[in-house]
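Engineer: coords please:
(2 chains, ligands or ions: 2)
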Amino acid sequence: MALKDIQAGEPGEKVFLLGNEAIVRGALEAGVELVAGYPGTPSSEVLDLLFALAPEFGHLAEYSVNEKVAVETAAGAAIVGKRAFAIMKHVGVNVATDALFALAQTGVNGALVILSADDPGMHSSQSEQDNRLYGEHMHLPMLDPSSPAEAKAFAQAAFELSHRLELPVILRTTTRVSHGSALVRLGTIPPRAAPAEKVHWARYRNPQRFTMVPVFARARRLLLTEKIAQARQLCEDPRYNPVKNIGSSVGILASGIAYEYALEALQVLELEANVMKIGTPYPLPQQTMAEFIADLKVLVVCEELEPYLEDRVRAIAKEANPGLKIYGKRSGHLPLEFEYSSQIVISGLAKALSLQLPVEFEKIEHRARKLIQDLPARTPVFCPGCPHQASLYALKQAVGQEAVFCGDIGCYTLGVQSPHNAVDTCLCMGASIGLANGIQYFSDDPVVAIIGDSTFFHSGLSALANAVYHQANLTLVVLDNDTTAMTGHQPHPSALDHRMKHTGGKLLDIAQVAEGLGVTDVKVLGALETERLTEAVKHSVAHRGVSVIVSKEPCALNWDRRRRRVGQPIVAYTVSDRCNGCLECLRDFNCIAIYEQDGLAQIDAALCNGCGACATICPEEAIIQRRSAGDLLQELTHGTF
Amino acid sequence: MAPSERKFWNLVIAGVGGQGTILTNAVLGRAVARSGLEVVTAETHGMAQRYGRITIHLRIGPEVHGALIPSGGADVLLGLEPLETLRSIECCSQRTLVLMNRQVVRPPSLALSWRAHYPSLEEIERRLQQVAGTVLSLEAHELARQAGTILATNAVMLGALCATAELPIPAELIRQALFEVVPAKAQEINRDAFEMGRAWAHLAQKSSCHQS
Ligand code: SF4
Ligand code: SF4
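Structural biologist: Ligands and ions are numbered 1, 2, ... in the order given. The predicted structure follows:
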C-alpha cells in the first residue's frame, strides 16, 4: 500500500504517508545512491523501504551490522562523490559518534545525510536523549522537521545542503514525526542509470583531507569553523526557520512537533502571537532570532526534551532584549521529561500567560483515572511459540534464582517480567557481555550473559573477545532466532533472508565466530528442547572460563510466515485429561496461549503456534499435539480426513 | 456544533495489536486525501510486536496540527476491544460517541483466573456512559464472521461508524478507500461486512430513538 504510494505516486499528487515513508520519498527525490543503516524504532521503516526499493530505483542498500559501520559505509560512498544516507535511531547515533566527529572535519564530496530518529517518552528505547545537542557538539548542520510533509522536504533539503557545504548533515526526527501520518505532496524522482557508475579513486585521493593525523586535523578544524559560518548564513533562510510577525508583544519560539502543538494551543486559547519555528537547531539562525525577540515582552519556548532553544535564546536575549521574559522548561511552565502533546502545551502556555483554560483537563483526567484504576494491565508479552520463552525457562531451570542474568536489547528483554525474571540488567546494545565481565570478577554465583543474534554481531564481538582475553568466568547464551525480530525482522550476518535475493550475502556462523574468538566450550542446541538445553547450561556454567551456548530456533512469527508460504498447517497443542491442575505451565512458563479454566490448564487453539515447548515441561505429560500422527493415520484409514 | 464548524474532527481508535487498527487508519487517511481536507494521525504502541495495546489518534480538518487529541476531545472513540476502549476513556466527554466492538481479547498477563479480573461488558459500558455522550456496542466480530471472516471486523466497524457518526467527509469516500486498501480477493466479504455494520447501526439508532 504505502510502498506503492511512495513508488508510483505521481508528482504533484497528495498522498497519505507515514513520516518515515515521506522521508523515503524525499531521499529518492534527492537522488540517493547508497543507503546503509541498522534498524531501530522509530527509524526502521526508512531503511526497510529503501532496501526494498533499491532494485527498482537503482540505489545500493545494505543492512549494516551496526550504526558506526553504517555511517562509515555511507561516508565512504560520499567521499567518492555519491549521495549517501545513513539511517538509525537516536541511540544508534551514540554508536556512530566516533566516526561523525571526525567526519565533520573531513567533510565529504558527494552528500552524506544521517537520520537520527529520536524517541521522546522512550516508547521503545532505553534512554531519552535529545540529539539536537549532537549537532552543536559535532558541528554538523541539522534539520528538524515538524510534520511528515516537512520531513520529506527536509530530507531532500538535507542532501542539497550536505552537497553544497561538503559536510554531513543530520536529519533529526522524533517518534511523532516518524510515526505520524499526514497528507504529503509528492515531487519528481530523477531518473538514474543502474548499475551505479564506478569512480577512479585517484580523483578523490586527498590524505590531507581524509587522514586525520593531528597536523591535518588542525587545519581541517579551522576550515570547519568557516563552513559552519557559511552554514549559519544559509540557515537564516525562512524556508527552514519561518517567522510569523503579527505585531504582538507575545512570541512563541518552537521546534519539531512542539511547533504544531503550539499552533493548536494558540487556536484553543484564542491567542494572537508572533511565532518563529526553528527547523535548523544547528546552526541556529541567530540573527533572525535576535530580530524576532527584539520587540517582544514575553517569549514562550516550546520544544521537547532539553531546554536547548530556551538556553540559547536566553543568551541571545542578553543583548537583543535584556528585559524579555522567557518561559519554558527552566521557568517550570513546561516539563523537562517525556514527549509533549497539544494538551501539555495548551496548559503550559495558559499558565505562563495567566490565561483561563477553556477545558478542565485535570478534572477530566482525574475522573478517567478513577474509572480505569482497577483494570487489569495489558503488558507486552512474548508471541506464542516464541523460542526465547523456552530458552529463558531452561536457563532458569538450570541455574536457579541465584545466578546473575545480564540481558541485552531485543524481544528477550521481555524476560524481565514474571515468571521469567531472567533479565537483571539491560543497558544498551551489546552491554550484556561487558557487564557480565565486570560482575564475574566479584561473583561466585554463576554469571550468565544473554544476547540476541543480531545484537551479537552489532556489538557483542569485541566484548566477547575481551572476556576471552581476560579469562572471564561467564556463560554467554546467544538467543539465535535467525532474524532481527524486535524491529521488524531484518536480516543480519547469520540471518540472510529472501529480501537479500538482489544483493546476495555470505552467511556467518555464530558458533564458528565464537570459536574463532577463542571460546573452547561452544554448544549449539534447539531452543525448544528445554530439557537438553537445561542440561547444557548446567555444564557450561560449571566450565571455568568463557562458554557459549547458541540456542537456535526461528522467531515464531517468521516460522508462521514460512509455514503459510508452503501451505503447511499449524497444528495446535491441547491439554489432555491427564492435567492435574498443578499449573506449572502457567506459573513458570506462561505462553500466552495457555490459560486457566476451572482450575485446569487450557490452550487457546487460535493462539497456539504449535511449538511444543509446553509439552516438554509439563510434569504430567498432559500437553499433547491436537492431532498426533496416530490420529491422522486413523482419520486417513477411516476416510474422515 | 456541526462538525464543519469545529476546527478538528477527532477520532481515537483503541485496540490490541493484530486487530487491524492500522488498516482502519490507512482507510480513513486515504479517504480524507480525496476530500480536500487535511488529516494527521499518531500511532502509539509499546515494544511488543503483538498483543499489546495500540491507540491511534486521528484528526481531520481544514487545517490540522498535532495529532495527539487533548483529554475529553474525541468526537468518536472507536473501540475494537472492550477493556482497551474503557482504558481510553480519558479522551471522552459529552461530545463523544463511543462505538465499541464487544470482542474480548484476554490480557495475556491474566493467565490465572482471568475472568475474575476482566470487568463485565455491562460494567465497561456503564463506566463509559458516565462520561461519553453516546455509547453503542456491537458484536462486530460476529457480524464479520457471518460475512465470511473475522478479519473483516474493521469493515463492520467502519460501516457502523459511517452510519452513526457525524463525519467531516462523505461516507462514500471511506467505503471506496476500504475497497482500495483490502486485498482484491477480500473485497466482496468486506463489502458485505461494511453493509452489515451500517445496517446494524441504523437499527441500533432507531431503537435508541424509541427509548428516549
Ligand atoms: S517477534 Fe519473534 S522473537 Fe519477538 S517475541 Fe515474537 S516470536 Fe519472539
Ligand atoms: S505449543 Fe505450547 S508453548 Fe507452544 S505455542 Fe502452543 S501453547 Fe504455547
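
Engineer: gap between residue A:347 and residue B:71?
Structural biologist: Remark: distance between residue A:347 and residue B:71 (Cβ to Cβ, to the nearest Å) = 10 Å. For the C-beta atoms, the positions are set from N, CA and C on the backbone; glycine is no exception.

Engineer: contacting residues for residue B:191?
Structural biologist: B:155, B:179 (Cβ atoms under 8 Å, 6 or more residues apart in numbering or on different chains).

Engineer: tell me the buried residues in the host helix or strand of it?
Structural biologist: According to DSSP states H and E, residue B:191 maps onto helix B:187-211. Applying a neighbour-count criterion of 16 or more other Cβ atoms under 10 Å in any protein chain shown, one finds B:189-198, B:200-201, B:204 buried in helix B:187-211.

Engineer: what's the burial count for the residue nearest to residue A:605 when sequence neighbours are not counted?
Structural biologist: In space, and not counting its chain neighbours, residue A:605 is closest to residue A:572: 4.3 Å by Cβ to Cβ, 6 or more residues apart in numbering or on different chains. Residues lying near residue A:572 (other Cβ atoms under 10 Å in any protein chain shown) number 18.

Engineer: so what does the spatially most central residue of chain B have for phi and psi?
Structural biologist: Centroid-nearest residue in chain B, with Cα atoms, centre = their mean: residue B:78, separated by 2.3 Å. Main-chain torsions, residue B:78, degrees, to the nearest 10: phi -100, psi 100.

Engineer: hang on, residue A:59 packs against residue A:24?
Structural biologist: No: Residue A:59 sits out of contact with residue A:24 when judged by Cβ atoms under 8 Å, with a separation of 11.0 Å.

Engineer: more neighbours: which of the two?
Structural biologist: Remark: of residue A:59 and residue A:24, residue A:24 carries more neighbours, 30 against 25, as counted by other Cβ under 10 Å.

Engineer: who's in contact with that one?
Structural biologist: A:6, A:45-46, A:49-50, A:53.

Engineer: which SS state does it fall under?
Structural biologist: Under DSSP: H, G, I helix; E, B strand; the rest coil, residue A:24 falls in the helix class.

Engineer: which residues touch the nearest residue to it once chain neighbours are set aside?
Structural biologist: Once flanking residues are discounted, residue A:24 sits nearest to residue A:49: 4.6 Å by Cβ to Cβ, 6+ apart. When contacts are counted by Cβ under 8 Å, 6+ apart, residue A:49 touches A:2-3, A:6, A:20-21, A:24.

Engineer: what's the separation between residue A:49 and ligand 1?
Structural biologist: 20 Å (Cβ to the nearest ligand atom, to the nearest Å).

Engineer: A helix includes that residue, no?
Structural biologist: Yes: membership of residue A:49 in a helix is supported by three-state DSSP.

Engineer: quick check: longest helix of chain A.
Structural biologist: Ranked by residue count and defined by DSSP state H, the top helix of chain A is helix A:214-234.

Engineer: need the mean per-residue confidence for the helix or strand just after it.
Structural biologist: Moving toward the C-terminus from helix A:214-234, the next helix or strand (DSSP H and E) is strand A:243-244. The average pLDDT within strand A:243-244 is 98.

Engineer: please see if strand A:243-244 touches chain B.
Structural biologist: No: Strand A:243-244 is not in contact with chain B by Cβ under 8 Å from any Cβ of the partner chain; minimum separation 13.9 Å.

Engineer: for residue A:56, which non-adjacent residue is closest in space?
Structural biologist: Counting by Cβ to Cβ, 6+ apart, the nearest residue to residue A:56 once its immediate chain neighbours are dropped is residue A:7, at 6.8 Å.

Engineer: which strand or helix spans the one you found?
Structural biologist: Taking DSSP H and E as the criterion, residue A:7 maps to helix A:2-8.

Engineer: give me the helices and strands touching that helix, please.
Structural biologist: strand A:14-18, helix A:19-29, helix A:44-57 (3 or more Cβ pairs under 8 Å, 6 or more residues apart in numbering or on different chains; DSSP states H and E).

Engineer: which residues in the stretch 301-450 of chain A form strands?
Structural biologist: Counting by DSSP state E, counting those that start in this stretch, the stretch 301-450 of chain A has strands at residues A:325-327, A:404-406, A:447-452.

Engineer: what residues does the last one touch?
Structural biologist: Which is strand A:447-452. For strand A:447-452, contacts defined as Cβ under 8 Å, 6+ apart pick out A:392, A:395, A:399, A:403-412, A:415, A:422-423, A:430, A:432-433, A:435-436, A:439-440, A:460, A:473-481, A:484-485, A:537, A:541.

Engineer: how about a cut-off of 7 Å?
Structural biologist: Residues outside strand A:447-452 that contact it (Cβ atoms under 7 Å, 6 or more residues apart in numbering or on different chains) are A:395, A:399, A:403-408, A:410, A:412, A:423, A:432-433, A:436, A:439-440, A:460, A:473-479.

Engineer: doesn't residue A:460 make contact with residue A:433?
Structural biologist: Yes: using Cβ atoms under 7 Å, residue A:433 makes contact with residue A:460 at a distance of 5.6 Å.

Engineer: report how many residues lie close to residue A:311.
Structural biologist: Around residue A:311 there are 14 other residues, counting by other Cβ under 10 Å.

Engineer: and it, how far is that from residue A:326?
Structural biologist: Taking Cβ to Cβ, one finds residue A:311 at 10 Å from residue A:326.

Engineer: coming back round to it: what sits closest to the residue nearest to the centre of chain B if chain neighbours are left out?
Structural biologist: Residue B:78 sits nearest to residue B:13 (Cβ to Cβ, 6+ apart), 4.7 Å away.

Engineer: SS state for that neighbour?
Structural biologist: strand.

Engineer: in helices only, show me the contacts of strand A:447-452.
Structural biologist: Using DSSP H, the contacts of strand A:447-452 in helices are A:395, A:399, A:432-433, A:436, A:439-440.

Engineer: list just the nearest of those to residue A:235.
Structural biologist: residue A:432 (41.7 Å; Cβ to Cβ).

Engineer: what separates residue A:383 from ligand 2, distance-wise?
Structural biologist: Residue A:383 sits 8 Å away from ligand 2, going by Cβ to the nearest ligand atom.

Engineer: so what pLDDT did the closest residue to that residue other than its chain neighbours get?
Structural biologist: Once flanking residues are discounted, residue A:383 sits nearest to residue A:556: 4.8 Å by Cβ to Cβ, 6+ apart. Listed pLDDT for residue A:556 reads 96.

Engineer: residue A:556: how many residues sit nearby?
Structural biologist: 24.

Engineer: re earlier: what's near enough to touch the residue nearest to the centre of chain B?
Structural biologist: Applying Cβ under 7 Å, 6+ apart, the residues near residue B:78 are B:11, B:13, B:99, B:157, B:161.

Engineer: off-centre distance for the helix or strand harbouring the third one?
Structural biologist: Taking DSSP H and E as the criterion, the element that holds residue B:99 is strand B:97-101. Using Cα atoms, centre = their mean, to the nearest Å, the distance from the centre of strand B:97-101 to the centre of the chain it belongs to is 6 Å.

Engineer: for it, the averaged confidence score.
Structural biologist: pLDDT averaged over strand B:97-101 gives 98.

Engineer: so that strand, near chain A or not?
Structural biologist: No: judged by Cβ under 7 Å from any Cβ of the partner chain, strand B:97-101 stays clear of chain A, getting no closer than 12.8 Å.

Engineer: what residues does that strand touch?
Structural biologist: B:75-82, B:85, B:92, B:128, B:132-138, B:140-141, B:153, B:157, B:160-161, B:164-165.

Engineer: now do stretch A:254-270
Structural biologist: Contacts to stretch A:254-270, defined as Cβ under 7 Å, 6+ apart, come from residues A:144, A:146-147, A:174, A:176-177, A:252, A:273, A:275, A:277-278, A:281, A:302-304, A:309, A:340-342, A:345-346, A:349-350, A:355, A:358, B:7, B:65-66.

Engineer: now these: which count as buried?
Structural biologist: A:144, A:146-147, A:174, A:176-177, A:252, A:273, A:275, A:277-278, A:281, A:302-304, A:309, A:340-342, A:345-346, A:349-350, B:65-66.
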